[in-house]
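K.L.:
Provided below are the primary sequence and the corresponding predicted coordinates.
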Amino acid sequence: MQTILVIDDDESLQDTIAVMLEQEGFRVVSALDGRDGFEKALTLKPDLLIVDLRLPGMNGVDICKQLRASQVQTPIVILSAIGEEVDKVLLLEIGADDYVVKPFGRRELLARIRAVLRRASLDAHTVLRFGDTEIDLERRAVTRNKEDVKMTPAEYNLLVYFLQNPDRPLTRDMILNSVWGYDSFPNTRTVDAHVVKLRQKLEPDSNTPRHFLTVHGVGYRFLP
């Protein structure tokens, strides 16, 4: 049974989410403030975190930052009230895996949770390779010529998506929806910026890429 930790100071909403998830076969653990939730995330090692953005003690952004700084790779779904000013790209860069606006429907939240869990449930012991690059999925570690390559969570998730879809034309919308988990996104340039980063870090020559190719009028193709 998979465990989901819900960190939200709204007890009513927390209870609603807990009942919904338990009906779907999940085990639910709750925390009402950020600091308690952060400690439970470290000690209980749940399969997924649902984290409200505004929390007493420690906000959702700080929880993401500190967990990722501690090398904790538990998937995180952020909750935020409608109308809150949120930089979605920033949330992804600090380690959140998806983002849901309150109020949300039961089916939407479950779909987001299952999508994030699916991405996280790749064979944990698989090591993928292309060129001089190696990706250890269990450790979420990337090496090139045996040397560690530092990557943001968003860059890593994009790389894994490319590896899962070799030699296939991928539109920017497909990539955004699959990697970032959104049905819509404010700016597809986000994909372009992250592909540039992958080229700089993993291509022999980033100006004449061999692996991360542009498909004009479509998007990108990954050639191992």
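P.N.:
That came through, no problem.
K.L.:
pLDDT below threshold where in this structure?
P.N.:
82-88, 122-125, 181-187 (pLDDT under 70).
K.L.:
What ranges does it have for its helices?
P.N.:
Listed in chain order, the helices of the chain (DSSP state H) span 11-23, 34-44, 60-69, 88-93, 106-120, 153-164, 172-175, 189-202.
K.L.:
how long is stretch 39-57 end to end?
P.N.:
For stretch 39-57, the separation between the terminal residues is 12 Å (Cα to Cα, to the nearest Å).
K.L.:
for stretch 127-139, same thing?
P.N.:
Stretch 127-139 has an end-to-end distance of 10 Å (criterion: Cα to Cα).
K.L.:
With residue 220 as the reference, measure out to residue 21.
P.N.:
35 Å (Cβ to Cβ, to the nearest Å). Just so you know, the C-beta spots here come from the backbone N, C-alpha and C atoms, and that holds for glycine as well.
K.L.:
Relative to residue 127, which of the helices of the chain is closest?
P.N.:
helix 153-164 (11.0 Å; Cβ to Cβ).
K.L.:
Spatially central residue in this structure, please.
P.N.:
The centre of the chain sits closest to residue 97, judged by Cα atoms, centre = their mean, with a distance of 2.4 Å.
K.L.:
Which phi and psi values does it adopt?
P.N.:
Main-chain torsions, residue 97, degrees, to the nearest 10: phi -100, psi -20.
K.L.:
returning to what we had before: now distance to residue 81 too, for the helices of the chain, in JSON lines please.
P.N.:
Shown next, in JSON lines, are the helices of the chain (distance: least, Cβ to Cβ, whole Å):
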{"stretch": "helix 11-23", "distance to residue 81": "10"}
{"stretch": "helix 34-44", "distance to residue 81": "16"}
{"stretch": "helix 60-69", "distance to residue 81": "12"}
{"stretch": "helix 88-93", "distance to residue 81": "14"}
{"stretch": "helix 106-120", "distance to residue 81": "15"}
{"stretch": "helix 153-164", "distance to residue 81": "24"}
{"stretch": "helix 172-175", "distance to residue 81": "27"}
{"stretch": "helix 189-202", "distance to residue 81": "23"}
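K.L.:
The ones you listed into a markdown table, with extra columns for mean neighbour count and distance to residue 126?
P.N.:
What follows is the helices of the chain, written out as a markdown table (neighbours: other Cβ atoms under 10 Å; distance: least, Cβ to Cβ, whole Å):
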| stretch | mean neighbour count | distance to residue 126 |
| --- | --- | --- |
| helix 11-23 | 14 | 28 |
| helix 34-44 | 17 | 25 |
| helix 60-69 | 19 | 22 |
| helix 88-93 | 18 | 23 |
| helix 106-120 | 16 | 13 |
| helix 153-164 | 20 | 10 |
| helix 172-175 | 18 | 21 |
| helix 189-202 | 18 | 18 |
